[in-house]
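In: Structural data only, the sequence is not supplied:
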C-alpha cells in the first residue's frame, strides 16, 4: 500500500512541476512576444507621442501588415487621428483578419503568423431566437515548412462575435482556431457554430 501511495505522490509531484514549468515558460514567451510587438510599432508610437506630423502614407505599411494593423488603428484612435487610417483597411473583414493573425501568433496557439490567409464567409446566428443576430468572420489559413503545422494544409479560424452595429476594430472576444481543423473536412458554418457554442456562449 505504501508503494502505491508513493507512486501516486510521485505522479502528482510530476504533474505539479510540469504545470509550474509550463506556466513560467508561457509567461516568458508572452513577455518576449509583447516586446516584439511593441518594436514593430515603436517608431509610429514615438512619432505620435512626440506630436510629429504624420500622413496616411506613413501609416500604410503598418495597416498592410496583419500583425501591426490592429495596433496601429488603436494607436491612432488614442491620439484622435483615425482619419489617417487607410480607408481600404477599415472594414470588419480587415480588422478580423488582423485579430486572428495576432491570436495565432501566441506561443500557446500556432506560434506564428500565417503565411497565407483568405476570408471565406460571414456566418450569422440568431443567438436567442428573438432576431438578435451575431456574426462570425471565417478564414482559412496555412503556414509553410518548416513550421510544425505545415503538414495540416489549410486550417480554419473564426473571429467574432460581431453585431449589426459593430465597428471594424471592436474587440472580438471569441477569436479562435482549432488548429488542424482542416478546410477540406469542416465547413465554415460548422466551425463558426462550434466557436459560437463552445467559446462565445461560455464566456
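Out: Arrived safely. No experiment lies behind these values; they were computed from the predicted model shown.
In: hey, let's count contacts and neighbours off CA atoms from now on
Out: Will do.
In: ok, so what distance separates the nearest residue to residue 98 once chain neighbours are set aside from residue 178?
Out: The shortest distance from residue 98 to any non-neighbouring residue, by C-alpha to C-alpha, 6 or more residues apart in numbering, is to residue 66 (4.8 Å). Distance of residue 66 to residue 178, given as C-alpha to C-alpha, to the nearest Å: 20 Å.
In: Settle it for me: which of those two has more neighbours?
Out: More crowded of residue 66 and residue 178, by other C-alpha atoms under 10 Å: residue 66, with 21 against 15.
In: what's the pLDDT at that one?
Out: Here, the pLDDT recorded for residue 66 equals 96.
In: Can you give the domain ranges for this protein?
Out: 2-84, 92-202 (automatic domain parsing).
In: Packed most tightly, which of the ones you listed would that be?
Out: domain 92-202 (a mean of 18; mean count of other C-alpha atoms under 10 Å).
In: I figured residue 66 hits residue 105, correct?
Out: No. Here residue 66 lies out of contact with residue 105, judged by C-alpha atoms under 8 Å, at a distance of 10.8 Å.
In: contact partners of stretch 48-60?
Out: 47, 72, 79, 84-86 (C-alpha atoms under 8 Å, 6 or more residues apart in numbering).
In: OK, contacts around the spatially most central residue of the chain?
Out: Centroid-nearest residue in the chain, with C-alpha atoms, centre = their mean: residue 103, separated by 2.2 Å. Residues in contact with residue 103 (C-alpha under 8 Å, 6+ apart) are 109, 175-176.
In: Where does it fall, secondary structure wise?
Out: helix 92-105 (DSSP states H and E).
In: same question for that helix, mean pLDDT?
Out: Helix 92-105 comes out at a mean pLDDT of 96.
In: next one: that helix to chain centre, how far?
Out: Averaging C-alpha positions (C-alpha atoms, centre = their mean, to the nearest Å) puts helix 92-105 5 Å from its chain's average.
In: now swap in stretch 172-182 and tell me
Out: Stretch 172-182 sits 8 Å away from the centroid of its parent chain (C-alpha atoms, centre = their mean).
In: Contacts for it, please.
Out: Applying C-alpha under 8 Å, 6+ apart, the contact partners of stretch 172-182 are 96, 99-100, 103-104, 109-110, 149, 152-162, 195-196, 199-200.
In: Check the domains of the chain for me: which has the lowest mean pLDDT.
Out: For the domains of the chain, the bottom mean pLDDT is recorded on domain 2-84, which sits at a mean of 76.
In: now the helices for this protein?
Out: Secondary structure of the chain (DSSP state H): helices at 2-49, 56-64, 66-78, 92-105, 188-198.
In: Look up how far residue 83 lies from residue 188.
Out: Distance from residue 188 to residue 83, by C-alpha to C-alpha: 34 Å.
In: go on, residue 166?
Out: Remark: distance between residue 166 and residue 83 (C-alpha to C-alpha) = 18 Å.
In: correct me, but residue 156 touches residue 189?
Out: No. Here residue 156 lies out of contact with residue 189, judged by C-alpha under 8 Å, at a distance of 10.7 Å.
In: ok now do residue 101, which residues does it touch?
Out: Counted by C-alpha under 8 Å, 6+ apart, residue 101 has contacts 66-67, 113-114.
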